[in-house]
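**Q** show me how the following folds:
(2 chains)
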Amino acid sequence: MSAIQLDHVTKSFGTQTAVHDVTLSVPEGAIYGFIGPNGSGKTTTIRMIMNILVPDSGRVSVLGHPAQSAIRDEIGYLPEERGLYKRMTVRQVLRYYGQLKGRTVGALDPVINAWLDRLQLGDWADKRVQTLSKGMSQKVQFISTVIAKPRLLILDEPFSGLDPVNADTLRDAVLALRREGTTIVLSTHDMGTAEQLCDRIFMIFRGQKVLDGSLDEIQAQHSKDIVRVRTSAGAGVLMGRPGVLSVTDVGNFQDVTLTGDPQAFLRALCQVTAVQHFELKKPSLHDIFVEIARPTAAELRRDEVVPA
Amino acid sequence: MTRILLVAKTEFLAIVKTKGFIIGLLTVPLLIMVGAALGRVRNPDGDLSDHRVAILDRTSVLFDALKTAADEHNTKAGRGTEQTGPYFVLERAGGAEADGATAMALSQRVRDKDLFAFVDIPANVLDPAGNEAGQISYYTQSPSYTPLPQWIGTTLERAIMTKRFETVAIDPAKAVSLTRPTRVNTLDLFERRPDGTIVAARRVSQLQTVAVPLAMMYLLFMAVMTSAPQLLTAVIEEKMSRVSEVLIASIPPLHLMSGKLLGVAGVSVALASIYLGGGIYALFTSGNFDLVRPALIGWAFIFLVCAVLIFGSVFIAIGSACSDLKDSQAMMQPVMLFLALPVLMSTFVLRAPNSPLAVGLSLFPPSTPFLMLVRLALTPAPPMWQVLLSLVLTISTAALFVWAAGKIFRVGLLMQGKPPNLPELLRWIRQ
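**A** Down below sits the predicted model:
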């Protein structure tokens, strides 16, 4: 069973189509990365999963149920821009959020204490939220989404603005939750985080799904048979060899775009010079993202015309 | 349902636990106590300086009467620490021969603060026949101080009348008893008891006819004003701090809004109960317990809840549609006007509770809770059909407002940036 299943989901606001015919299946127990430029439909997709928005067409099902309020209690949601009640104490806020998920104070208190200790906030339990630093309140916000022990956790930019120590603490907490079987959707602009943590990646661009798969699958789809080469003969020997489309000289290395089999090219190259370095270059998620989301030449021209 | 109550409880405590609420709660009884204490002090302004007045008595016969009355006044004002007001010290400034130069000299003395005022009494004030009888002139630099000219007016009027009666040979004492004023008492009606005896009508007190209805209306107004506008700030704060999105991920927007309305209704009911309890206690201890009418109190609470629902929904809708407090202030003003309308109109309703204006206003839902309550507190009570109609209209309006606010709330919470205009709001409601 999938934790989240979207079937041909479309959502428009007025004339603007925010999400167009997206189909997606998030398996249970996975960390699924949601990436995409600002305004491409990520938040709308998440809000439809949360049943905050209702799709115009298509079907959303969460944890095996059609998305509806009954299943909300099993989902923890940390929106990108998030808040806490400033005048409440940390414990009051956490209790309130937990009770809104249908848990009792008796069941919540031990969980709250455990999490506060785990994230080094134990001394702050009875302090008002407005006295916390930004990093601390961000950790409290994270705790507020997990105290109800959700089966599905949706985190929108959970690490942004955190110092490396706190970011590591939260990352460990996320991984621990995954080990306990929690399905996690991680929406982020940080491609490094996505590569590091996510089992699978979903990219939405202009409302449409453009990537969906494991990192390996995505890289395989987008690798362009580029090899990075270093030989004792330098760039000159590479030009004009069979199968070579182009050569980009980056100094001590040359990036060679091939049409044929890289192994055959390596064998041929060994016969003419000493090969010091030979690497099949995989595009990073960052490269793939930029390639997809980069404005096209036509768009750039249109942008230039606009100011007139 | 438990979550609606949880939201209500949180909202209730968030308002009740603020310093502003507690201070506001104590202010009203404090003001009433200060007012009552001031009322007991005979000389609240603390002015005890002698007020010297020069009298230009061109009749030559009125000064002595004035002087005697001034002595009486000063004796009544008390001595030393017991003194409750300024003494009026009179001096004779001249008689019929006085001219412009005299008046000029007196004016200068007033400017020099040697005198408080001077009075010019023309010779012909005593003329019993003259329609052209002269007017008394009171010259001063402090025209806003009214007790002195008032005292001079009444004292001279009495003295002049006595002199006029003497001129036409009527005994002044007889004249006083012949011209004594007649009073009108207002009573309600005779009643027949079940056993056939007839009960005489009772005097109607000012307290019952004006104070009780007005007090009930202001109580309602205060309870609404203290609670409903808090929803606006609460919703905007939640929206700005992005708490809203966390909340509606846990609880449907309509439930969230219901909880908020319920919490605020709780605040207003608690506030009204405290004040009403205090008022009833005061009436009991002062022996006016016949003014306590349980039915009226029941109506007050019904109308209070309706008013909170109507105005609370409007404030929630504004709060969720706006992204910052500044935007909301502009949208709040017309609402405040509707809230103040019944208070402004209450005097008309008091004067003629069954006039077309009063009936119309008390059936107009935003002002019904306040003005129908005023009419219910007055006698005669409004016809039953009007009361029931107003109740139906108010409850349907409250339901309509809550429904529309729910629609706006749902959409508005997730909106950021420019507040919507009216057509956009209507589209949100229709969605």
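
**Q** which SS state does the residue of the stretch 301-431 of chain B found nearest chain A fall under?
**A** Per C-beta to the nearest C-beta, B:Leu414 is where the stretch 301-431 of chain B lies closest to chain A, at 7.0 Å. Placement of C-beta: from N, CA and C, glycine included. Secondary structure state of B:Leu414, per DSSP: H, G, I helix; E, B strand; the rest coil, is coil.

**Q** chain center to stretch B:380-396, what's the gap?
**A** Centroid separation between stretch B:380-396 and its chain, computed with C-alpha atoms, centre = their mean, to the nearest Å, is 25 Å.

**Q** give me the buried positions along that stretch.
**A** Neighbour-count burial for stretch B:380-396, with 16 or more other C-beta atoms under 10 Å in any protein chain shown as criterion, is recorded at B:Pro382, B:Gln386, B:Val387, B:Leu389, B:Ser390, B:Leu391, B:Leu393, B:Thr394, B:Ile395.

**Q** what are the ranges of the helices in the stretch 1-150 of chain A?
**A** A:42-49, A:69-72, A:90-100, A:105-118, A:134-146 (DSSP state H, counting those that start in this stretch).

**Q** contacts for the last one next, please.
**A** Same thing as helix A:134-146. A:76-78, A:82-84, A:90, A:93-94, A:97-98, A:112, A:115-116, A:119, A:121, A:124, A:129, A:132, A:153, A:155, A:158, A:161-163, A:166, A:169-170, A:173, A:177, B:246 (C-beta atoms under 8 Å, 6 or more residues apart in numbering or on different chains).

**Q** each with direction, which strands does whichever helix or strand comes after it pair with?
**A** Moving toward the C-terminus from helix A:134-146, the next helix or strand (DSSP states H and E) is strand A:152-156. For strand A:152-156, the paired strands and their directions (DSSP bridges) read strand A:75-78 (parallel), strand A:183-187 (parallel).

**Q** what separates the first one from the chain centre, distance-wise?
**A** The one in question is strand A:75-78. 15 Å.

**Q** quick one on the thing from earlier: looking at the helices of the stretch 1-150 of chain A, which has the lowest confidence?
**A** Confidence, taken as mean pLDDT, is least for helix A:69-72 of the helices of the stretch 1-150 of chain A (a mean of 71).

**Q** backbone dihedrals for B:Val212, both of them.
**A** Taking degrees, to the nearest 10, you get phi -60, psi -50 for the backbone angles of B:Val212.

**Q** would you convert the helices of the stretch 1-150 of chain A into a markdown table that also reports mean neighbour count?
**A** Output for these, formatted as a markdown table (neighbours: other C-beta atoms under 10 Å in any protein chain shown):
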| stretch | mean neighbour count |
| --- | --- |
| helix A:42-49 | 24 |
| helix A:69-72 | 16 |
| helix A:90-100 | 23 |
| helix A:105-118 | 15 |
| helix A:134-146 | 21 |
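
**Q** does B:Ile429 belong to a helix, a strand or coil?
**A** Taking three-state DSSP, the label given to B:Ile429 is helix.

**Q** who in chain A is up against chain B?
**A** Taking C-beta under 8 Å from any C-beta of the partner chain as the contact definition, chain A meets chain B at A:47, A:50, A:52-53, A:69, A:72-73, A:75, A:77-79, A:81-87, A:96-97, A:99-102, A:144-145.

**Q** what does stretch A:39-47 rub up against?
**A** Residues contacting stretch A:39-47 (C-beta under 8 Å, 6+ apart): A:6, A:9, A:11, A:18-20, A:22, A:34-36, A:53, A:77, A:80, A:154, A:156, A:185, A:187, A:204-207, A:293, B:414.

**Q** am I right that A:Ile184 is in contact with A:Leu177?
**A** Yes: applying C-beta atoms under 8 Å as the test, A:Ile184 and A:Leu177 come out as touching, 6.7 Å apart.

**Q** distance from the chain centre to the strand or helix carrying A:Ser246, please.
**A** Taking DSSP H and E as the criterion, A:Ser246 maps to strand A:244-249. Taking C-alpha atoms, centre = their mean, the mean C-alpha location of strand A:244-249 is offset from the chain mean by 33 Å.

**Q** output it as CSV, nothing but the C-alphas.
**A** Extracted C-alpha coordinates of strand A:244-249, given in CSV (Å, rounded to 0.1, in the frame of the first residue of the first chain):
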residue,chain,number,x,y,z
VAL,A,244,33.9,12.4,-29.7
LEU,A,245,31.2,15.1,-30.1
SER,A,246,32.8,17.9,-28.2
VAL,A,247,35.5,18.6,-25.7
THR,A,248,35.3,21.1,-22.8
ASP,A,249,38.8,22.0,-21.5
